[in-house]
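From the sequence below, what's the structure:
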Amino acid sequence: MSAHRMIVTGKVQGVGYRNWAVGRARVFGVTGYVRNSGKAVEVVVSGDDDAVEKMIEAMREGPATARVDHVEVHAANDAKLKGFTKRLGA
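Presented below is the predicted three-dimensional model:
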C-alpha cells in the first residue's frame with residue numbers, strides 16, 4: 001500500500017482533467033481525490049503500489065484535451081480514503 005499527493009501543472013483546468021482522473025482511478029482501483037488548486041490540479045491517490053504507479057503515470061499524460069507540463073509527486077499519509085472523488089477547489 002502506498003499513498004501519494006501530486007500537483008499537476010500545465011493546461012489542466014477547464015479541459016475535463018478532473019473527470020478524466022476519476023475515470024482512471026476507477027480503472028486502476030485506487031482511492032483518493034482530485035481538485036483544482038490555484039492554477040494546478042491536486043491529486044491524492046492511495047492503493048496497491050502497482051496501481052498507484054499506474055495512476056501517477058496516467059496523471060503525467062492527462063486527457064487528450066489537456067497539456068501536462070509537470071507532475072510533482074510526494075509521499076502522503078492519506079491511505080484511509082474511501083472511493084475516489086472530485087472535490088471543490090482548495
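
Now do stretch 73-84: distance from first to last residue.
Counting by C-alpha to C-alpha, to the nearest Å, you get 18 Å between the two ends of stretch 73-84.

Test of understanding: give the bridge partners of the residue nearest to the spatial centre of the chain.
Computing the C-alpha centroid of the chain and ranking residues by C-alpha atoms, centre = their mean puts residue 43 first, at 3.3 Å. Beta-bridge pairing for residue 43 (DSSP bridges): residue 6, residue 34.

Now residue 63. Its backbone dihedrals?
Taking degrees, to the nearest 10, you get phi -70, psi 170 for the backbone angles of residue 63.

isn't residue 46 right up against residue 30?
Yes - counting by C-beta atoms under 8 Å, residue 30 is a contact partner of residue 46 at 6.3 Å. In short, each C-beta sits where N, CA and C put it, glycine included.

Mutual contacts of these two, please.
residue 52 (C-beta atoms under 8 Å, 6 or more residues apart in numbering).

For the protein, just list every one of the helices.
17-28, 49-61 (DSSP state H).
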